[in-house]
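> structure for the following, please:
(one chain, ligands or ions: 1)
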Amino acid sequence: MAFSNRLFRPFETLLRPLDIPFKTMPDGGPFRLLYHFARYAPGPLISILVLSAAIEISNLAVIWGVSHLVDGVSEGGAVPYLREHQTALVLFLVLFFPVTPLMSFLCNALGSHVLSVAMPALIQWHGHKAVERQDLAFFHDLFAGQVATRIAQVASAVKQQLAVAIWLLPNFIVQLIGSLALMITLSWPLAIPVVIWIAANALVAHRAIPKFSGTARKSAKARSRLVGSMTDLYSNIQTVKLFAAEDSEAGALRRAIGTSMEAQYRERQIGILSDMAVITLNVLLFLSIFAVSVWGLVRGFVSIGEFVAAITLTQRLSANSRGFLSMGQQIFEAVGTIRDAMPVMTNAPSVVDATGARPLAVTQGEIRFEQVDFGYRDETPVLQDLSLHIHPGEKVGLVGLSGAGKTTLVSLLLRLFDVKGGRILIDGQDIARVTQASLRQSIGYITQDVSLLHRSIGDNILYGRPGASEVEVTSAIRGASAADFIAELKDGEGRTGRDAFVGDRGVRLSGGQRQRVAIARVLLKDAPILVLDEATSALDSEAEATIQEKLDLLMEGKTVIAIAHRLSTIARMDRIVVLDRGRIIEQGAPDNLLRSGGLYSRLWARQTGGYIASMDD
Ligand SMILES: Nc1ncnc2c1ncn2[C@@H]1O[C@H](COP(=O)(O)OP(=O)(O)OP(=O)(O)O)[C@@H](O)[C@H]1O
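Now for the predicted structure:
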């Protein structure tokens, strides 16, 4: 191992973000959140604070020592002075080297490893743990990109806040108080300009920081809106191109960029003006300290050593005062950022495991919807007083016009949302009282819109049952009639077959191919309950016939709910349930329903070429 790796290894182990179990974050504001994370590394953080203050104390001691030395040597000559102060000089040299550099090294190493790397990593990791528990409604309300951006924003703002609070601020406060004390010790008239300078700086900060934080917030919002619009545009680029909307979209983007620039200009202007005020105050401080010192030299109340010390202190104060203003700006900016972004991490998820939830035990596969009421956000009901009893091993086809509530019904069975009234039972167990993981592990679900993870085809199929053997995966692929197209796959980086990547959300595959991968995944999962939401809609008739055979095999011995617009695919079901505006309006064996002259028979009659001609009327 390289020397530097060995040297820094101990610092890397002080805060191990990935080993810290997740705890719910407090939603009591930015400072509560800051405290929540600071408590994970109290030792290193307090050490940084103490070291930061100690470094400044030693810097001030060196300045004081130099002034003493200059006075002593100029008054009594070098040799007698050095002889008389041997011990003090050795201590002084030790402080100068190696103590101060060593403390700076420790402070930097702790700050860089714990504050700059491990702390943001901890926030991102715990931020992810907080977000992954959120229900689907949460993700429907936000762009996925926005969620990721907000977690990253909180991580960087908390890091910034902590760095200012425990690293920069203690150093600056010690410098301010110490310089003042030293000036008073050297010669009290020297302290007067410093006191006035501190008061004037505080006034500038008091006026500039609130203005700055307002504009900084506006400009951050404008920037994130710009990024949001661009993300939305690129993820819908196909629609933009199909409607030849590039020009109008570019116009909207130009406006967003313009607004963002405008906000940034305002932010910079306040920064420049307050900087100018601080620079002017610094020049005035220097001139007045210089004037008082020269006057003191002439009048004899300031020695040469004190003159040197006063000028050095003034220069250090001036150099750091601009940093102080920017510290204030950073704090306000970070507080604003945390306040805006923290709800994604602190909002309580609405679908959670009940206390003492037990794993679902599917023995028969019986499903009961009992007087279920449900609506998404507002009061508009999507399902009303819906009761449905599905017997063990029964195959039920769900039919209804678009928007009738079919997908919603199966989403409730998977507890992607909670019912507003009534309950859903599987083998007599209320799904609200079992663990969500065990419920979803017991249900194989092929969705209408199959989206795949940007990984290899093999990994996407293994998602059905991680740890499945090679033989099982191969058999699932065969079962889904996916072997031929997978064998021919090749991605941009030369990976072939099962190793080929599928592109973002599976864009490199056709709709039918994506559906076959989804079927293979569910075959591998082999869950006792099966939900097929338009499982074969993207397949051509020939492929559908092949897959249908496989699905029939897959359905054997399982309880099945199948949604289909193409009625031929569900004609073989034991029972058809027809939904209309959230209610069951008819149900029965397919043949009986055909004869009854209801909605199902009308839909069937309108079906041409395998499709329902006017589903949306
Ligand atoms: N995430 C959601 N948030 C708000 N409303 C939703 C959401 N998903 C669906 N809806 C609404 O709920 C109603 C039922 O939708 P659902 O998707 O269950 O119908 P469906 O019968 O499956 O339709 P389709 O056959 O077109 O898929 C619709 O009015 C729809 O607009």
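> for S601, give its distance to the ligand.
When CB to the nearest ligand atom, to the nearest Å is the yardstick, S601 and the ligand sit 19 Å from each other. For every residue, glycine as well, the C-beta is placed using N, CA and C.
> residue numbering should commence at 34 henceforth.
Done: numbering now begins at 34, and the last item shifts to S634.
> what's around that residue, how many residues?
17 (other CB atoms under 10 Å).
> what's the answer for L447, then?
Other residues near L447 come to 18 when the count uses other CB under 10 Å.
> pLDDT score assigned to it?
L447 carries a pLDDT score of 96 in this model.
> what's the longest helix in the protein?
Counting residues, the longest helix in the chain under DSSP state H turns out to be helix 279-332.
> and the next helix or strand after it, how far out from the chain middle?
Proceeding C-terminally, helix 279-332 gives way to helix 337-374 as the next helix or strand, assigned by DSSP states H and E. Relative to its chain's centre, helix 337-374 lies at 31 Å (CA atoms, centre = their mean, to the nearest Å).
> from the contact counts, what lies against helix 337-374?
With contacts defined as 3 or more CB pairs under 8 Å, 6 or more residues apart in numbering; DSSP states H and E, the packing partners of helix 337-374 are helix 63-71, helix 75-109, helix 177-196, helix 202-219, helix 224-268, helix 279-332.
> format the ones you listed as a markdown table; extra columns: mean neighbour count, distance to I494 and mean pLDDT.
Written out in a markdown table, the entries for those read as follows (neighbours: other CB atoms under 10 Å; distance: least, CB to CB, whole Å; pLDDT from 0 to 100):
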| stretch | mean neighbour count | distance to I494 | mean pLDDT |
| --- | --- | --- | --- |
| helix 63-71 | 17 | 39 | 93 |
| helix 75-109 | 18 | 44 | 93 |
| helix 177-196 | 20 | 23 | 87 |
| helix 202-219 | 19 | 54 | 92 |
| helix 224-268 | 17 | 25 | 87 |
| helix 279-332 | 15 | 37 | 93 |
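> wait, which of those helices is closest to the ligand?
Each of those was scored for nearness to the ligand using CB to the nearest ligand atom, and the closest is helix 177-196 (14.5 Å).
> hmm, who's touching the closest one?
Around helix 177-196, the neighbours that count as contacts under CB atoms under 8 Å, 6 or more residues apart in numbering are 63, 66-67, 70-71, 78, 144, 148-149, 152-154, 156-157, 160-161, 164, 172, 257, 260-261, 264, 363-364, 366-368, 370-371, 373-375, 377-378.
> helix or strand for D418, which one?
With elements taken from DSSP H and E, the one containing D418 is strand 416-423.
> let's test this: mean pLDDT of the following helix or strand past that strand, rounded?
Towards the C-terminus, the helix or strand next in line after strand 416-423, according to DSSP H and E, is strand 428-433. Confidence over strand 428-433 (mean pLDDT, whole number) is 93.
> mind checking how far the residue lying closest to H424 once chain neighbours are set aside is from V467?
Once flanking residues are discounted, H424 sits nearest to E399: 6.2 Å by CB to CB, 6 or more residues apart in numbering. Here E399 is placed at a distance of 14 Å from V467 (CB to CB, to the nearest Å).
> for I423, same thing?
Counting by CB to CB, the separation of I423 from V467 is 17 Å.
> likewise R372?
The value you get for R372 to V467, if CB to CB is used, is 37 Å.
> please identify which of the two sits among more neighbours.
The neighbour count for R372 versus V467, taken as other CB under 10 Å, is higher for V467 (20 against 15).
> what sits against the more buried one?
Under the criterion of CB under 8 Å, 6+ apart, the contact list for V467 reads A390, R391, P392, L393, I459.
> what about those residues, which one has the most neighbours?
Scoring the contacts of V467 on neighbours with other CB under 10 Å, the highest-scoring entry is I459 at 25 neighbours.
> for stretch 111-129, which outside residues touch it?
Outside of stretch 111-129, the residues within contact range by CB under 8 Å, 6+ apart are S91, A94, V95, G98, L102, G105, V106, E108.
> redo these as CSV? Include distance to V611.
What follows is the contacts of stretch 111-129, written out as CSV (distance: CB to CB, whole Å):
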residue, distance to V611
S91, 83
A94, 87
V95, 88
G98, 92
L102, 98
G105, 103
V106, 103
E108, 107
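> I'd assumed L155 was in contact with F70.
Yes. A contact is recorded between F70 and L155 when judged using CB atoms under 8 Å, the distance being 6.6 Å.
> between the two, which contacts overlap?
None of the residues lies in contact with both F70 and L155 under the rule CB under 8 Å, 6+ apart.
> can you tell me the SS state at D451?
For D451, the assignment made with DSSP: H, G, I helix; E, B strand; the rest coil gives coil.
> now swap in A568 and tell me
When the structure is reduced to helix, strand and coil (three-state DSSP), A568 reads as coil.
> what's the closest non-adjacent residue to E505?
The shortest distance from E505 to any residue that is not its chain neighbour, by CB to CB, 6+ apart, is 6.3 Å, and that residue is L557.
> burial of that neighbour, as a residue count?
Residue neighbour count, defined by other CB under 10 Å, stands at 22 for L557.
> grab the nearest non-local neighbour of Q397.
Taking CB to CB, 6+ apart, and ignoring the residues beside it in sequence, Q397 has P425 as its nearest neighbour in space, at 3.7 Å.
> first-to-last residue distance for stretch 562-581?
Across its full length, stretch 562-581 reaches 17 Å between end residues, using CA to CA, to the nearest Å.
> same thing with stretch 144-151?
When the termini of stretch 144-151 are compared using CA to CA, they are 10 Å apart.
> residues in contact with it?
With CB under 8 Å, 6+ apart as the contact definition, stretch 144-151 has outside contacts at 41, 44-45, 47-50, 74, 77-78, 81, 192, 195-196, 199-200.
> quick one: which of those is nearest I519?
For I519, the closest of the contacts of stretch 144-151 turns out to be P50, at 37.9 Å, with distances computed as CB to CB.
> sticking with the residue in the stretch 84-233 of the chain that the ligand sits nearest to, tell me its helix or strand.
The ligand sits closest to H173 of the stretch 84-233 of the chain, with a gap of 4.7 Å, by CB to the nearest ligand atom. If you go by DSSP H and E, H173 is part of helix 169-174.
> now for that helix, which elements pack on it?
When contacts are defined as 3+ CB pairs under 8 Å, 6+ apart, helix 169-174 sits against none of the other helices and strands.
> ok, back up a step: just the buried positions in the strand holding D418, please.
Judged by neighbour count using 16 or more other CB atoms under 10 Å, the buried positions of strand 416-423 are L416, Q417, L419, L421, I423.
> go on, stretch 472-490?
When burial is assessed from 16+ other CB under 10 Å, stretch 472-490 yields the following buried residues: L472, Q474, S475, I476, G477, Y478, I479, T480, V483, L485, S489, I490.
> what mean pLDDT does it get?
Average pLDDT, stretch 472-490: 88.
> any idea how many residues pack against the nearest residue to R410 once chain neighbours are set aside?
Nearest non-adjacent residue to R410, counting by CB to CB, 6+ apart: A170, 7.4 Å away. Residues within reach of A170, counting by other CB under 10 Å, total 15.
> help me confirm that A170 comes into contact with S383.
Yes. In this structure, A170 is within contact of S383 by CB under 8 Å, at 7.0 Å.
> can you name the residues that contact I603?
Counted by CB under 8 Å, 6+ apart, I603 has contacts G430, V432, A595, A597, I609, P623.
> what do you get if the cut-off is 6 Å, keeping everything else the same?
Applying CB atoms under 6 Å, 6 or more residues apart in numbering, one finds that I603 lies in contact with G430, A595, A597.
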